[in-house]
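Enquirer: coords please:
(4 chains)
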4 protein chains.
Amino acid sequence: MEDGRDQPRSAADLTVRPALMTTLLASTTRKMPRTGKRRICFPITSRAYYGRSQLLIRKLHADPDIELELMLGGSILLDKYSRHVADDIEAGGFNISGSFLNVIEGGNHVAMAKTACLTALEFTNGLHTLDPDIVVICGDRFEQLAIAMTAAYLNFTIAHIEGGDVSGSIDESVRHAITKLAHVHFVTNDEAFRRVLAMGEDPRYVFNTGSLDVELASRVGDAISSERVNSYGVGHAIDVNRPFVMVIQHPVTTEHGQREHLLATLRAVAALNVQAIWFWPNPDAGTEEMAGSLRHVREEHTELTAQMRFITNVPADEFVALLRRASCVVGNSSAGIKECSFLGTPVVNIGPRQQGRLAADHVRHVGYDAAAIRAAVEQQMGHGPYPPSTLYYRPDTSDQIIKLLSTVELYTQKRFFDSVAAPVQTV
Amino acid sequence: MEDGRDQPRSAADLTVRPALMTTLLASTTRKMPRTGKRRICFPITSRAYYGRSQLLIRKLHADPDIELELMLGGSILLDKYSRHVADDIEAGGFNISGSFLNVIEGGNHVAMAKTACLTALEFTNGLHTLDPDIVVICGDRFEQLAIAMTAAYLNFTIAHIEGGDVSGSIDESVRHAITKLAHVHFVTNDEAFRRVLAMGEDPRYVFNTGSLDVELASRVGDAISSERVNSYGVGHAIDVNRPFVMVIQHPVTTEHGQREHLLATLRAVAALNVQAIWFWPNPDAGTEEMAGSLRHVREEHTELTAQMRFITNVPADEFVALLRRASCVVGNSSAGIKECSFLGTPVVNIGPRQQGRLAADHVRHVGYDAAAIRAAVEQQMGHGPYPPSTLYYRPDTSDQIIKLLSTVELYTQKRFFDSVAAPVQTV
Amino acid sequence: MEDGRDQPRSAADLTVRPALMTTLLASTTRKMPRTGKRRICFPITSRAYYGRSQLLIRKLHADPDIELELMLGGSILLDKYSRHVADDIEAGGFNISGSFLNVIEGGNHVAMAKTACLTALEFTNGLHTLDPDIVVICGDRFEQLAIAMTAAYLNFTIAHIEGGDVSGSIDESVRHAITKLAHVHFVTNDEAFRRVLAMGEDPRYVFNTGSLDVELASRVGDAISSERVNSYGVGHAIDVNRPFVMVIQHPVTTEHGQREHLLATLRAVAALNVQAIWFWPNPDAGTEEMAGSLRHVREEHTELTAQMRFITNVPADEFVALLRRASCVVGNSSAGIKECSFLGTPVVNIGPRQQGRLAADHVRHVGYDAAAIRAAVEQQMGHGPYPPSTLYYRPDTSDQIIKLLSTVELYTQKRFFDSVAAPVQTV
Amino acid sequence: MEDGRDQPRSAADLTVRPALMTTLLASTTRKMPRTGKRRICFPITSRAYYGRSQLLIRKLHADPDIELELMLGGSILLDKYSRHVADDIEAGGFNISGSFLNVIEGGNHVAMAKTACLTALEFTNGLHTLDPDIVVICGDRFEQLAIAMTAAYLNFTIAHIEGGDVSGSIDESVRHAITKLAHVHFVTNDEAFRRVLAMGEDPRYVFNTGSLDVELASRVGDAISSERVNSYGVGHAIDVNRPFVMVIQHPVTTEHGQREHLLATLRAVAALNVQAIWFWPNPDAGTEEMAGSLRHVREEHTELTAQMRFITNVPADEFVALLRRASCVVGNSSAGIKECSFLGTPVVNIGPRQQGRLAADHVRHVGYDAAAIRAAVEQQMGHGPYPPSTLYYRPDTSDQIIKLLSTVELYTQKRFFDSVAAPVQTV
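Expert: Below you'll find the model as predicted:
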């Protein structure tokens, strides 16, 4: 370098053999050939996600400019949670670019954590081979964060639906962590919009498109027969033309005492002397404890459950029809807060699972107390339907999302956007 | 229920056999017996984390009110990255409650993603058995997010060190996602403090304690012999009493062209006609491409590397000594931004890896351009040392963190704290 | 080397720095400290294994010269299969050196395969940390082969109980593959002894110790109350003082049509007009199909199951008591072939699951044909008890195994022993 | 059932809804559509397997009645072991139905075991989706047993190439365990044929087709230039027209002291004063220790390696050309025993890795003793080439295997075949 130090060698001199630099992995894996369309990967890991997203999924599948690829994992591959969804997905003719059986049995925290890890591990292979333009992550389920994490590490653009809401349970942490991994945000309400911006997301990529769940609810009527309802699940034969309540109570993974919380609701509902349709809880940490309690009560205290029908799940449109017809929705499901805000169905929301979530007037909040729950349900049944709220409603949610997914500029390097200035405080 | 419907049955009537509700997992695993002290789990997954945290780790280990448990994974278990760290950890007498060999070979995005997933899977077992009060997550490495995710799902309290900074590469996403999973935050500067609050964290749990790296840097002198330096790595024998530059350039996982970026720096440094100590890159996506290029250049273009010594890593205090002595630090390491801000060593920061990170006057930013890099380094070498900055400095960082880890109230249910109010905008 | 080529340098000259050669993994993992006793690791992954081995396990635990360490995984950690086992293991005061929740839900081939892989992955960590002298593998369950594989790769000595038998289903392949990974063999009968030698095992390490199941059966009486039986499971209240049949029918993983096979038995048993205790199938590929059929029939065809009680499992001694009292054992369990050979209880063995297994006169073999099954059961009930057979019996099985585990010379490098016509030897 | 007990209900009465019985996994995964041809899956996990099987693979790919699908994993996806193989596979135009990056770094027993487990886990997805008629397992590498295990659990027919040989290291256990999982056997010599029968395999499915390695060796000449050789690896420039030895020494996973064993050979070869081509060891437990020693010696004792060239691997035909030209092959590779038996190249086989393997007169066996190794090599170099042996040779090995793979009746339920003194039969 003595004499030549002023003349750095040209780049050509430094060329390194490319074969040394690439791995066989990249060069030979049978990657999905590009079609010239935007390739959108939609990982579906639970019946609820499929249900609430089905309008969007069908339109994406039909869109000539988009190649939709579903990737399945989690509880949606298990009969006991999802058999109607299977029928529906098969009927839909969708592309399924991968199915990964990865739910660890146990229904506790360890099972939840390991299921997330295994899901991420297997989706890594699937996503790498699929090579999508955008990975769409929905909501706040624990395994969706795991998929978002691996999609981010694979350097794919991530779109997130339903960020910015607040709630309780682990969902609260999961939802915001996904926001900080995602590049494009479809939020469902103004408060969520504000929060996603506060968290440093780029305003050019944050869109309040309203809620897909509520859009679906707005388009479905209340037509459902008793016969249809009673074709699902076990227990009391429901007459949908008489008053009934719907109960949907999921575990709160950050709490102990799932069993007692479940029993408080069960005692309250049993005391109402009204028909009840009870939906089994989601597969989360605490599910096994809850489901075991329900099974036990059903076998050993048949008098308490005499007017109850226990159902795992129903198709999304029938679920809306039931929400419309119900005298009251009881429990801690987001459907009570969101869909019912538009439908006007009275809701008794129990415990902290939906803490802080933007709610309309149709919701009464109570703790895990059988007497309080019963009193609140009786009040709500006495009150009857509320006027519709548009807190979560936009008339064209799915069309807006599709348009944005088709046209949004893709990027992967995130950059914190300082859109707010808070006062500084130090220890 | 006929007559009794007004008298809900007592809770006792509904008692469900507990054995049905619990799993053998919980009841029989040989969990670590509680000692009455706070049990702090410190997962260490890279040499850098051990280096920058060693003051904290030693004090935690010595604290009579704290039970410190290290849990090892990732590259720290691999000789080629970490053998000095191994010696040091052994000498320290720490409790090691788990060691999980889980680095997937390949040095590309798939390897990075799968390593994260496998790390999370194995730490799930380790953390569940250890049953810590607090899991301490450091910084922004990809596998630390994976560990934070599983710790959150296991319902442990998470403390995070170094949140709120901004940068480029995947680190930017990882860091903020960890913030949204963590419960207690130790940030290193005022801007980071503001951002963590803006992201919705509870002000009662956000603390600006300054940077551990800078605290260490402030306590270590510049004593290191040439003989010591030359006992590490391969290549040119460095004379530490003559001018030298340090090069630390890591892959930017969100970019392509790691090889060209590396070569631009190499050409610039080769043209300087000065001794250089070149640190091998971290094991990330892109590492293999970078390291392969370095190896190739070293074998095939020996004239370019005639004055360079290539070193994998050195103990943290010797690293600081070298930073103190260097005429200029070149590349994209956070050490250039943080430690050197206090030390005053001139820095040429290349590319977007540190984009947006709070920097003092000692840093010059350039792109991936050999001529520009060379010019900037020559200017910085001409300028000489800068006055120390206290942007990242607090005199008692590790003591503050220990005090807070010992006394902070533990919780797991997060709740978004609306500390800012941004204007709402909709699509 | 020109002149020195005749004097190879001494080994000392070539000394390589040891720290370079070892990994932190080996040097810092908190391995179980050695106690001076032989450390025997017993991986237990199903209720059946615990049941049949409990005499051995208790004696090993009590032996002053042995350190017994249980390691749990698979279905034994799931309430629905194993809650009585949990109670029992807790009561036993055993050392549990690891519990790994790793059953993938699905009950199909993919779930079975992935469960095996995940079990092996997690046991790798557990076994490496435990550092046992001997790993004891039992029988022929799919996850036990996975554990044997990883134990072999970790270079531990493996002892196998119940090798050399023949049967159908995947068990046939699993059993012999374990034999070829194991170093010490405890077989249960003379034919198995001959086969293990034919497969190339070293005669010095093959021992016919008789069957642990049969040893247990020989020591347990028929004392069990109706009340006790009816405290388990659901369905018809059994009167143990009146005639009843026991049904135990597991999936055959190498066949299709598990449902039809199950229904043939169900129809046959329903037609007998006698009480029946029906044990749910093991968690294997095909379980979900079988269990779903049973649940469906129980809900929808209550008349067929009117005299049936469905039980998941009972403690091993109560299981023997029921075998002793049963008028006939129907299905494809090895208990019908082995325990019942000694007890003399008539057995109708259905299908190929036990194909080729050494059987005494008490067994009638039939295909999946309802009429044939019914006829065979009626014949066997007419015949009544058979005289005991000692095909599988030795009076001191567990003591022999313990003595050998304590004293056998340990080795890991296997060597095919060409002794195709070796004479039969017994302990 | 009172009156009807003599008329078992018809099967129709018991029909269970099929949707309840199947999982979405099976029904919706995008399985590879059937082509009417036999679908043969060939998992390739190391360069050696590709090399020795390439004649077979190319013919299978060209066969109009067969659909060949490669599935890649293990070290073949890593540049440092396999870049020439990557070029070759790409050039071959094969179908690659899956590539799974799954090598755990570390080069020790834990890394080996976990790599096997992770390989099996990922191949489970791949094999299930591919739905092959036959999975072809080759030889005795640790990850091939893992793949065989999961293929067996998925109920696929397994063909095994090279069963029945004996050797040392973990290979000995792996090979025979694969035999007991496989359904069709292609052995390479008469002794292996006899052993596979002794192990209970069905004579209708055991075929002595000779060795693929030897068939390849028989068809390749000795044409290779010095320039070509020196385009690989690093070190001394080899002159292929002057005498040279080849060294191939792999770790023996069941032993300790890999480093000392390696150094003994290195000292012996250094003392020969002859050119040497040294092949880096396979990635196994012990590799890191061996490779680290080689790297250290190469950096620090350059005089010892002055006449050595270190090469990772070369294409299979060039490997044969080198074997033909070598004055002696030193180490513990099976190529020394098999290919060289036909080529007549003198071999010094070190240590127990090939213990018991059928060998011709061209092999001298020695222990890990530098003086003994050196003396044996000098004797062999003095002796010169041996006459060819046909112990492992059949003229049409690959054609025979293809014919059998195309026509053999497929089955999955294995059955121990008691034929300990079966006559030897060849195809």
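Enquirer: and the host helix or strand of residue A:401, anywhere near chain B?
Expert: According to DSSP states H and E, residue A:401 maps onto helix A:397-407. Yes. Contact of helix A:397-407 with chain B (CB under 8 Å from any CB of the partner chain) involves residue A:400. (Each C-beta comes from the backbone N, C-alpha and C, glycine too.)
Enquirer: and that helix, what's buried?
Expert: A:397, A:398, A:400, A:401, A:402, A:404, A:405 (16 or more other CB atoms under 10 Å in any protein chain shown).
Enquirer: determine the number of other residues adjacent to the closest residue to chain C within the stretch 301-427 of chain A.
Expert: Here the stretch 301-427 of chain A gets closest to chain C at one residue, residue A:310, 11.8 Å apart by CB to the nearest CB. Around residue A:310 there are 20 other residues, counting by other CB atoms under 10 Å in any protein chain shown.
Enquirer: ditto for residue A:55
Expert: So residue A:55, with other CB under 10 Å, has 21 neighbours.
Enquirer: could you do residue A:262 as well?
Expert: With other CB under 10 Å as criterion, residue A:262 counts 27.
Enquirer: list the contacts for it?
Expert: By CB atoms under 8 Å, 6 or more residues apart in numbering or on different chains, the contact list for residue A:262 reads A:249, A:290, A:293, A:294.
Enquirer: the host helix or strand of the last one and chain C, are they touching?
Expert: Residue A:294 belongs to helix A:287-300 when elements are defined using DSSP H and E. Yes. Helix A:287-300 lies in contact with chain C when judged by CB under 8 Å from any CB; the contacting residues are A:288, A:292, A:299.
Enquirer: selecting buried members of the residues you listed in ChimeraX, what would you type?
Expert: Buried residues within the residues of helix A:287-300 next to chain C, by 16+ other CB under 10 Å, are selected in ChimeraX with:
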select /A:288,292
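Enquirer: contact partners for residue A:170?
Expert: With contact set as CB under 8 Å, 6+ apart, residue A:170 has these partners: A:142, A:253, A:254, A:285, B:152, B:153, B:155.
Enquirer: swap in residue A:350?
Expert: Residue A:350 makes contact with A:249, A:261, A:264, A:265, A:330, A:331, A:332, A:365, A:366, A:367, A:368, A:373 under the criterion CB under 8 Å, 6+ apart.
Enquirer: could you save these as CSV and add columns showing neighbour count, pLDDT and distance to residue B:227?
Expert: CSV is the format used below for these (neighbours: other CB atoms under 10 Å in any protein chain shown; pLDDT from 0 to 100; distance: CB to CB, whole Å):
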residue, neighbour count, pLDDT, distance to residue B:227
A:249, 26, 93, 70
A:261, 25, 90, 67
A:264, 26, 93, 73
A:265, 25, 94, 73
A:330, 30, 97, 76
A:331, 26, 96, 71
A:332, 26, 95, 67
A:365, 15, 96, 71
A:366, 21, 96, 74
A:367, 11, 95, 70
A:368, 20, 95, 69
A:373, 26, 97, 76
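Enquirer: show me those residues that map onto strands.
Expert: Of the positions in the contacts of residue A:350, A:330, A:331, A:365, A:366 sit in strands, assigned by DSSP state E.
Enquirer: residue D:61: which of those residues is nearest?
Expert: Ranked by distance to residue D:61 (CB to CB), these are led by residue A:331 at 58.3 Å.
Enquirer: ok, back up a step: among the contacts of residue A:170, which one has the lowest pLDDT?
Expert: pLDDT across the contacts of residue A:170 is at its lowest for residue A:285, which sits at 71.
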